[in-house]
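Asker: have a look at this fold, sequence not included:
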């Protein structure tokens, strides 16, 4: 399955940006880096240094964790 990874028009003009949701939709950091020709280590470091927010409710997080366990 091919994912359409697009850039945000509101991003930096010289550096395309991608949301954490785009990274997850692509299949995680490793899959995203392979599909977008990015360095996995720098991508993981950027995500770790991002602002601490909770994008999912506890129920959504539990559902996501269950789905990821099934997909292994």
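Answerer: Received, thanks. Model, not experiment: these values are computed from the prediction. Numbers count the residues shown, from 1 in each chain.
Asker: what about the nearest residue to residue 44 once chain neighbours are set aside, how many neighbours?
Answerer: The shortest distance from residue 44 to any non-neighbouring residue, by C-beta to C-beta, 6 or more residues apart in numbering, is to residue 29 (5.3 Å). C-beta: built from backbone N, CA, C; applies to glycine. Applying other C-beta atoms under 10 Å, we find 18 residues neighbouring residue 29.
Asker: how close does residue 63 sit to residue 57?
Answerer: Plainly put, residue 63 is 9 Å away from residue 57 if you go by C-beta to C-beta, to the nearest Å.
Asker: who has more neighbours out of those two?
Answerer: Using other C-beta under 10 Å, the more surrounded residue of residue 63 and residue 57 is residue 63, with 12 against 9.
Asker: assign residue 35 to one of the three secondary structure states.
Answerer: Put simply, residue 35 is helix when judged by DSSP: H, G, I helix; E, B strand; the rest coil.
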